[in-house]
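**Student:** generate coordinates for the sequence data below:
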Amino acid sequence: MTTSLTRNDSFILGLLIGAVFIIDLLTPLGIADGILYILAVLCTLPHRNTRLTFGIALGCSVLTLLGLAWSPEGGEWWKVIWNRGLALFAIWTTAILGYRHQRQAQTIGQHDKALQTFMNHMPSACFTFDHEGRILSWNQAAERIYGYSPAEAIGRYGWDLIVTPETRADTQRIMHGVFQGQSFVNQRWHDRNKQGEPGWRLGNFFPVFDEKGHVAYGLNMNVDITSQKAAEECLTAQHRLRTILDSMTNFVGIGTPEGIVVDCNQAPLQLAGLQREDVIGKHLTDTYWVNYSPLVQQQVRDILQRVAHGKTVREDIRVRMGETTYIMVDACYVPVCDDTGHVIQIVHSGIDVTARRAAETALQKSQRNLQAILDHSPNLIFMKDLEGRYLRINKTFEKAFGLSESAVLGHCDHELFPPAQAEQFHAHDHLVLKHTSLIESEERLLYGQTPHTNFVQRFPIQDEQGTLYALGGIATDITERKQAEEALKKSEERFRKYFESGLVGMAIIAVDQTWIAVNDELCHMVGYSQEELRRITWTTLTHPEDRAEGDVLIHDLLHNQRESFSFIHRYVHKNGSIVYVKIHANAVRDGHGQVEYLMVMIQDLTKQKEAQAATRAAERLALAAMNALSAHICVLDEQGTILMVNDNWNAFALANGGDPAAVGVGANYFSFVPRIAGGQIPDTAQMLFNMLEVLEGRKQEFSYDYPCVSPTSKRWFTCRVSRIEGTHPMRIVVAHQDIHEQKQAELQLREAETFTKSIVDNLPNMIFVKEAQSLRFVQINKAGEHLLGITRQDLLGKSDFDLFPTEEAEFFTSQDRKVLTERTLLDIPEEPIQTMHAGIRVLHTKKLPICDSFGTPQFLLGISEDITSRKAMEDQIRRHANELEAEVDRRATRIQELEQRRMQVEKLAALSQIAAGVAHEINNPLASIAQALTLVKRAIPPDHPKFKYTQKMQACIDRMTHITRQLYTLYRPSTSQPDPIDIAQVIQSAVDIMHPIAEKKQLRLQVTHSWTSSPIQAGIAPGDMIQILCNLIQNAVDASSPLSDIGITTSLTDRTLTITVVDKGMGISPDVLPHIFDPFFTTKYGAQSVGLGLGLAISKNLLSSMGGQLDCSTKEGKGTTFSIILPLPPEYS
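**Tutor:** Alright, predicted model coming up:
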């Protein structure tokens, strides 16, 4: 490329050459003139014009020769010739070198132009970049893809122009790798265009080398694959959606606004045994997976009409599944709209909520029943939360306290009852919550203005996980019982003499059946002493079988239904024997007609009853044996009359609406059975005929299974009739046994086998069963056929060696034998397998033995899940999870540091405030002592023998004054006005102060500044800064060993000044480091220690008041570094 001279440039160049020639004539040697001629030639080089350069060189050469001819004569003519020859050589050397440079530049320019032309005609985006990442060239395809013109792109950093924050680091790494000679081929990355729109690119990064083999610049060529990437993601999303839908147990379908089915998942199809082609393209109400009734069909049409107008509808739909089975479906219809808001599709889903709705109905009924029981209970019932607020009360509670339910719920005892009564309730509630167990107590309280005594049982209420969430209570009014007990105590003395003698046993019994008094005859009769009888009740002494009768008679006596009673009764002797007695009891009433106690006379009938008991023992034994059986049993005589029945016989009659007397002892079996069972039990006549044959001795026994439809249910029974051997006349036993559960279990077993087979065949995982001995396949589901690519007929009866390569078959067989030998579950996380149609797949397999009742393995069960796709996805998720965990750990560490810093600040503030208070309290009396000492010093002459003690006192006062000043500084940092000061001078002042102290320990204080120009000035209080530095240097001196160095360095970065004080001592231990800034914390003990542990605390507070901070870093055995960090004015940014 050449450029021509302008008129102005030509004039100036000619004028320059003319001036040089004139000068040449005036200087005989021509040394300076040759240099000026060379400069004239050099001035032509930027124009890259060869002709101009050689023309100027020729002209300069002619002028040089003319100057030689016209120059004045002199004695040193040979020097003139030598200098002008050198000038001619230099002129032409410069011209020739300039010519070569111009030719090289033209060649490079032609190459650059050709490269730019080539790049502009490429369909892919191309740009070059230097080693710093700046763009050097930019083709038209890059301008089209990214939207930046060459003028906007060239000169800018590539990662700032088009790279997203997520891919910035990778892009920088690749660009830097190019200048290390690396090539990056087929790279996929995510970037953005000028409008900020993201996109995906596929391209290559190459280094471009110069003639010396160095990387001159980098070249990137890429194509836009955004559309391709979007298509891949769309296909992936569609496949994921299909997988998710088919794995759902809910019914999910997609249809048009008119109700035509477009697609559906597998759940409803499997339920109805249909294929997708059976329903797709047909109306929802006509040929879908459920059988809609006409009413439900109209309901669905109405729903579709509403959804077609853009509304989401959710309703329960009653669907018929079979002839008599109905289920309740929770159906949801959602419209899918386009960008204009028109409904283009309808997504409908459903889930079987039959059991849920039934459970909700049962729960509501149960709650109503519970509330009815609570409201009609005579006891006070309440429920509280853990804070003591009432959650529920019954009607008895409202009536007793005269408070409505709305006034009680949500309130605690202290808001409802007198303080003493509320505190009593609260204490008992606290015991329940503390021990989480039942607590019983007696409470005296007021019902309105009436005092009552309640027996209260409080108990914890826990959820299914055992978590306590409330407490309940039941209170029983025992006021009357307490009053009766008091009355019985008053009358005890009055009747004592009545029992001193007698021929029969006599006793006084309270209404609660406790013994008030007994005579010696009764004690002899039952074998207990009087003291022992008083410790037990009437009921305890009574035989368990007679307690109910006695309770009824006493109940009638207490409720004025009779005045006295007599009956035969049994007591249990102390030695365990039975004592038969005849009891006559009279009620003794008080003035209000209430029974006060019972007067009882007891006659011993044991000997009379022993004879009668022997005759009934056998009958009771037989009846007890019958009652112990679960069957309904009766004993018949020869005419079919029922002689004996067990309790289950009577219970069954009552449960089914019958009269036990009509079908019990004394009734004729052959009379009522045809009447009762004629329409319910098939072949009733044949059953009765077989029973007659047993009675007549033609059969020993027979049995018969029959269904029985009772008023409450339909159940299965078996009837067994057998003769009683050795009886005369003939007796037979008829036993009806309920076998309904057995029948149901058999039916459910058959249904479960069918259901299990259906589930196994439709599970997405491969399930197979092998015979334990030969390890041949005996069962496999459809998923296994599909995965292996082998039909069930071709697989059953074969082993692994018949189906897989030898290496795989040996592995499978060894694992199977291991499971059968160890009889444990074997989990194989990853198991590769060669399939017929899908190549190698990775399976997650679990194998376990199926054993018989003796524990011997009979079969081997295997469950395999195809995890090929999931494994690839897990690897990607694991990488992202690791990155996320690292970020979470980093942030958690930062939060922990901030929390520790906050706690430290609060602790320091509290300690500082206490220290300031102590300093203030000390300072007042100290000032008085100092004034008094001044007066004493004035009164005592210096030569007085005691004057030296005043000097010691003054030193102690000065020491205490220094301590209080430090305490004030800790609480209220210095308020000195910050002045612009030279940091270096402040540091030097502190060093000068501490130099004598360091010199005593043979330590060197070395100061190093990071700047050498103008001094750094900062707005701080100089006195405070010197105090801080002195404190840090003093600590460094104390920690350092003799003959070591203490370094004081400064550094300036980003408007921040850092001053560090470094020692080479033993460092600070980790257990001490967190406390070094605590007030009064020190590790310097002993006679030489004069510090209070306030130096670092005061320094940190002073720096905080200046807007700075004080940090510490240490390593045991290596030394400690304290860093002062101060902000600087904006001019130092």
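
**Student:** so where's the stretch 1001-1133 of the chain uncertain?
**Tutor:** Flagging of the stretch 1001-1133 of the chain using pLDDT under 70 yields the residue ranges 1011-1020, 1085-1092, 1130-1133.

**Student:** ok, which stretches of it are strands?
**Tutor:** 1004-1008, 1017-1020, 1045-1053, 1056-1063, 1109-1115, 1119-1127 (DSSP state E, counting those that start in this stretch).

**Student:** let's have the ones you listed in a markdown table, adding mean neighbour count.
**Tutor:** Backbone N, C-alpha and C define where each C-beta goes, glycine included. Below are these laid out as a markdown table (neighbours: other CB atoms under 10 Å):
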| stretch | mean neighbour count |
| --- | --- |
| strand 1004-1008 | 14 |
| strand 1017-1020 | 19 |
| strand 1045-1053 | 17 |
| strand 1056-1063 | 20 |
| strand 1109-1115 | 15 |
| strand 1119-1127 | 19 |
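
**Student:** want to try TSV for those, with distance to His342 as columns?
**Tutor:** Shown next, in TSV, are the strands of the stretch 1001-1133 of the chain (distance: least, CB to CB, whole Å):
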stretch	distance to His342
strand 1004-1008	78
strand 1017-1020	69
strand 1045-1053	63
strand 1056-1063	62
strand 1109-1115	64
strand 1119-1127	62
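
**Student:** select, out of the ones you listed, the one closest to Leu820.
**Tutor:** Nearest to Leu820, of all the strands of the stretch 1001-1133 of the chain, is strand 1109-1115, at 60.9 Å by CB to CB.

**Student:** in its sheet, what does that closest one sit against?
**Tutor:** Partners of strand 1109-1115 in the sheet, by DSSP bridges, are strand 1119-1127 (antiparallel).

**Student:** before we move on, back to that, among the strands of the stretch 1001-1133 of the chain, which comes closest to His101?
**Tutor:** strand 1045-1053 (44.6 Å).

**Student:** who are the packing partners of the closest one?
**Tutor:** Using 3 or more CB pairs under 8 Å, 6 or more residues apart in numbering; DSSP states H and E, the elements in contact with strand 1045-1053 are helix 983-1000, strand 1004-1008, helix 1022-1039, strand 1056-1063.

**Student:** just how off-centre is it within its chain?
**Tutor:** Averaging C-alpha positions (CA atoms, centre = their mean, to the nearest Å) puts strand 1045-1053 49 Å from its chain's average.

**Student:** so how far is Ala587 from the residue nearest to Leu488 when sequence neighbours are not counted?
**Tutor:** Distances taken as CB to CB, 6 or more residues apart in numbering put Ala510 closest to Leu488, at 5.1 Å, once the chain neighbours are dropped. Distance of Ala510 to Ala587, computed by CB to CB, to the nearest Å: 12 Å.

**Student:** overlap in contacts of these two?
**Tutor:** Residues touching both Ala510 and Ala587 by CB atoms under 8 Å, 6 or more residues apart in numbering: Leu598.

**Student:** which secondary structure state does Ser722 sit in?
**Tutor:** The local conformation at Ser722, judged by DSSP: H, G, I helix; E, B strand; the rest coil, is strand.

**Student:** so who does the residue lying closest to it once chain neighbours are set aside touch?
**Tutor:** Once flanking residues are discounted, Ser722 sits nearest to Glu701: 3.8 Å by CB to CB, 6+ apart. Shown here is Glu701, whose contacts under the criterion CB under 8 Å, 6+ apart are Val694, Arg720, Val721, Ser722, Arg723.

**Student:** return the member of the residues you listed nearest to Val936.
**Tutor:** Among the contacts of Glu701, Arg720 lies closest to Val936 (CB to CB), at 124.3 Å.

**Student:** point out where the stretch 501-650 of the chain drops to low pLDDT.
**Tutor:** Using pLDDT under 70, the stretch 501-650 of the chain drops low at 501-503, 611-616, 618.

**Student:** low pLDDT regions in the stretch 201-350 of the chain?
**Tutor:** Along the stretch 201-350 of the chain, the model assigns pLDDT under 70 to residues 271-273, 287-292, 320-324.

**Student:** let me see the ranges of the strands in it.
**Tutor:** Counting by DSSP E, counting those that start in this stretch, the strands of the stretch 201-350 of the chain are 215-224, 251-255, 261-264, 313-320, 326-337, 343-352.

**Student:** in contact with the residue nearest to Leu488, which residues?
**Tutor:** Going by CB under 8 Å, 6+ apart, the list of residues near Ala510 reads Ala484, Glu485, Leu488, Ile516, Tyr597, Leu598.

**Student:** buried ones from the residues you listed, can you make that a ChimeraX selection?
**Tutor:** Those of these that count as buried under 16 or more other CB atoms under 10 Å are selected in ChimeraX with:
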select :484,488,516,597,598
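
**Student:** how close does Ile1076 sit to Ile1046?
**Tutor:** Distance, Ile1076 to Ile1046, by CB to CB: 18 Å.

**Student:** any low-confidence regions in the stretch 851-1000 of the chain?
**Tutor:** The stretch 851-1000 of the chain contains residues with pLDDT under 70 at 897, 901-902, 904-921, 923-924, 959, 962-979.

**Student:** now the helices for it?
**Tutor:** Taking DSSP state H, counting those that start in this stretch to define them, one finds helices in the stretch 851-1000 of the chain at 868-939, 947-971, 983-1000.

**Student:** those helices: which one's closest to Val709?
**Tutor:** Taking the helices of the stretch 851-1000 of the chain one by one with CB to CB, helix 868-939 is closest: 54.9 Å.

**Student:** run through the stretch 701-850 of the chain and note the low-pLDDT ranges.
**Tutor:** Using pLDDT under 70, the stretch 701-850 of the chain drops low at 710-713, 726-727.

**Student:** change it to 80
**Tutor:** 708-714, 725-730, 749, 751-763, 836-838 (pLDDT under 80).

**Student:** that one: strands as residue ranges?
**Tutor:** 701-709, 714-723, 732-738, 766-771, 777-780, 826-834, 840-851.

**Student:** TSV for the ones you listed, including distance to Pro941?
**Tutor:** Compiled in TSV, the strands of the stretch 701-850 of the chain are given as follows (distance: least, CB to CB, whole Å):
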stretch	distance to Pro941
strand 701-709	132
strand 714-723	127
strand 732-738	125
strand 766-771	115
strand 777-780	121
strand 826-834	100
strand 840-851	104
